[in-house]
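Asks: Have a look at this prediction, sequence included:
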Amino acid sequence: MTTRQPVALSEEEIAAVRSWVIHEDAHVIAFSKPSGLSSQGGRIKAHTLDDLLWAFARSNGKRPELVHRLDRDTSGVILAAKTKPAAGFLGKALQMRRFRKQYLALLSAAPEPGSGTIDAPLRREEIGRESYMRVVAFDAPGAQGSQSRYRTLASNDRGAVVELEPLTGRMHQLRVHMAHLGRPLIGDVRYGGALTTEVGPAPRLMLHASKLSFPHPEGGTTTVEAPPPEDFARLRTALGL
């Protein structure tokens, strides 16, 4: 799909990215991305998932292309298209909001009420070299309509596990919306999340893309799921959730 200059990958990197594959067919390939790996770009001088897709390059120099992104510290399902027609089809489906994304998040306390829809416009702001999203008024300059659903799955006096679903696709949307409710995600230092819990430190941003449903180029809907990685599952268990 691309004739960009190939990226040289080590045997370890090739083995790693292949081990993250959780679904593959003639049109798409889905990965369970680890936390700490950028999807694309970024300032960190390390290979991104986009770079690692060269491990799947064909003899004609074409390789898969990412359909969407996940934040660097978010783990979970991410999708790539293996052909140009598939990329076009999925790109349009994404724009038409035909993707359904579900996430799991750990919080220091359950939101009140326990479930609902957040309708809070967001605006991107630059502070130094960092980009942030802020909740703003509906008529504020640069405001982008943003909606998220949330549902508490379990909670106790030490924390809560919440299922999140973005209805729009703004940067950091789920993180900012939960902070807007006064319930920032554990480990989300950028938006006020706690770095420690009653059972110990947070290893990272506690957000995991657990399920992705999308229209398949051959018809019908395909659903791909990624179980939470060990660090997420361990903290959830330690919190009694």
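Replies: Yep, it's here. Numbering: from 1, shown residues only.
Asks: tell me the SS of Leu174?
Replies: Classification of Leu174 using DSSP: H, G, I helix; E, B strand; the rest coil returns helix.
Asks: count of residues packed around it?
Replies: Per other C-beta atoms under 10 Å, the neighbour tally for Leu174 reads 26. Quick note: C-beta positions are derived from backbone N, CA and C, even for glycine.
Asks: Tell me the confidence at it?
Replies: At Leu174, the pLDDT value in this model is 98.
Asks: Equivalent analysis for Glu130, please.
Replies: Reading off the model, Glu130 has pLDDT 84.
Asks: can you give me phi and psi for the closest residue to it other than its chain neighbours?
Replies: Excluding the flanking residues, the one nearest Glu130 by C-beta to C-beta, 6 or more residues apart in numbering is Arg190, at 7.9 Å. With angles defined as degrees, to the nearest 10, Arg190 sits at phi -60, psi -30.
Asks: count of neighbours near Arg190?
Replies: Arg190: 19 neighbours (other C-beta under 10 Å).
Asks: please begin residue numbering at 302 from this point
Replies: OK, 302 is where the count begins now, so the last one is Arg491.
Asks: show me what contacts it?
Replies: By C-beta atoms under 8 Å, 6 or more residues apart in numbering, the contact set of Arg491 is Glu431, Tyr433, His473, Arg476.
Asks: Who are the contact partners of the residue positioned nearest the centre of the chain?
Replies: For the chain, the residue nearest the mean C-alpha position is Leu371 (3.4 Å; C-alpha atoms, centre = their mean). Contact partners of Leu371, counting by C-beta under 8 Å, 6+ apart, are Lys334, Ser340, Gly377, Ile379, Ala510.
Asks: hang on, the earlier thing: out of the contacts of Arg491, which is nearest to Gln396?
Replies: His473 (19.6 Å; C-beta to C-beta).
Asks: Neighbours of the closest one, how many?
Replies: His473, neighbours per other C-beta under 10 Å, totals 19.
Asks: Correct me if wrong: it contacts Asp374.
Replies: No - if you go by C-beta atoms under 8 Å, His473 and Asp374 don't touch, sitting 10.7 Å apart.
Asks: about what we covered before: scan the contacts of Leu371 and report the most crowded one.
Replies: So for the contacts of Leu371 (other C-beta under 10 Å), the most neighbours sit at Gly377, 28 neighbours.
Asks: what about that residue, which SS state?
Replies: For Gly377, the assignment made with three-state DSSP gives strand.
Asks: Against Pro335, how distant is it?
Replies: For Gly377, the distance to Pro335 equals 9 Å [C-beta to C-beta, to the nearest Å].
Asks: What of Phe390?
Replies: Distance from Phe390 to Pro335, by C-beta to C-beta: 28 Å.
Asks: For those two, indicate the residue with more neighbours.
Replies: Phe390 (20 against 17).
Asks: secondary structure class for the more buried one?
Replies: helix.
Asks: Tell me the secondary structure of Asp532, please.
Replies: Three-state assignment for Asp532 (three-state DSSP): helix.
Asks: tell me the contacts of the closest residue in space to it that isn't next to it in sequence?
Replies: Counting by C-beta to C-beta, 6+ apart, Pro504 is the residue found nearest to Asp532 once chain neighbours are left out, at 4.5 Å. Contacts of Pro504 were listed using C-beta under 8 Å, 6+ apart, and they are Gly488, Asp532, Leu536.
Asks: Return the distance of the helix or strand Ala510 falls within from the chain's centre.
Replies: Per DSSP states H and E: Ala510 is located in strand 508-516. The chain centre lies 8 Å from the centre of strand 508-516; the measure is C-alpha atoms, centre = their mean, to the nearest Å.
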